[in-house]
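**Q** Sharing a model prediction with you, sequence too.
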Amino acid sequence: TWSNPPYLAAAYPTAINAPWLYICYNTQGAGKTGTRAAPPVATDSSMKGTDLLVVVLSRYGLFGGLTSQYLKQGAGITSIQLTAWQHFSVQG
């Protein structure tokens with residue numbers, strides 16, 4: 001699910017203007033790996049030919065928010081979810 005936005009609302013930070021960074025290793029194909037406790041060490045060549053996905057999710061706080069003046073009656077927005085991601089190939 002990390003390789004294809006949009007992401008679930010639960011993946012975004014609850015606090016505004018405090019982004020969360022996700023670094024995902026080897027996310028493609030049948031050889032996908034699960035959660036790693038630590039990143040590979042600099043001399044580890046086992047990641048050669050795999051991929052790396054970097055995702056930044058944030059909740060941007062709006063000054064004053066948007067009220068029903070701009071939205072449906074009873075609705076309001078105080079923040080907007082922002083997503084930035086980049087997919088890399090590990091050269092080795």
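**A** Thanks, I have it.
**Q** Name the surrounding residues that touch stretch 80-87.
**A** Stretch 80-87 is contacted from outside by 3, 5-7, 9, 12, 19, 51-60, 62, using Cβ atoms under 8 Å, 6 or more residues apart in numbering. The C-beta positions use only the backbone N, C-alpha and C, and glycine is treated the same way.
**Q** can you pull the buried residues of it?
**A** W85 (16 or more other Cβ atoms under 10 Å).
**Q** Return the helix or strand in this protein with minimum mean pLDDT.
**A** The weakest-scoring helix or strand in the chain, judged by mean pLDDT, DSSP states H and E, is strand 51-66 (a mean of 80).
**Q** Direction included, what does that strand pair up with?
**A** strand 20-25 (antiparallel), strand 77-89 (antiparallel) (DSSP bridges).
**Q** so how far is the last one off the chain centroid?
**A** Average the C-alpha atoms of strand 77-89, do the same for its chain, and the two points are 6 Å apart (Cα atoms, centre = their mean, to the nearest Å).
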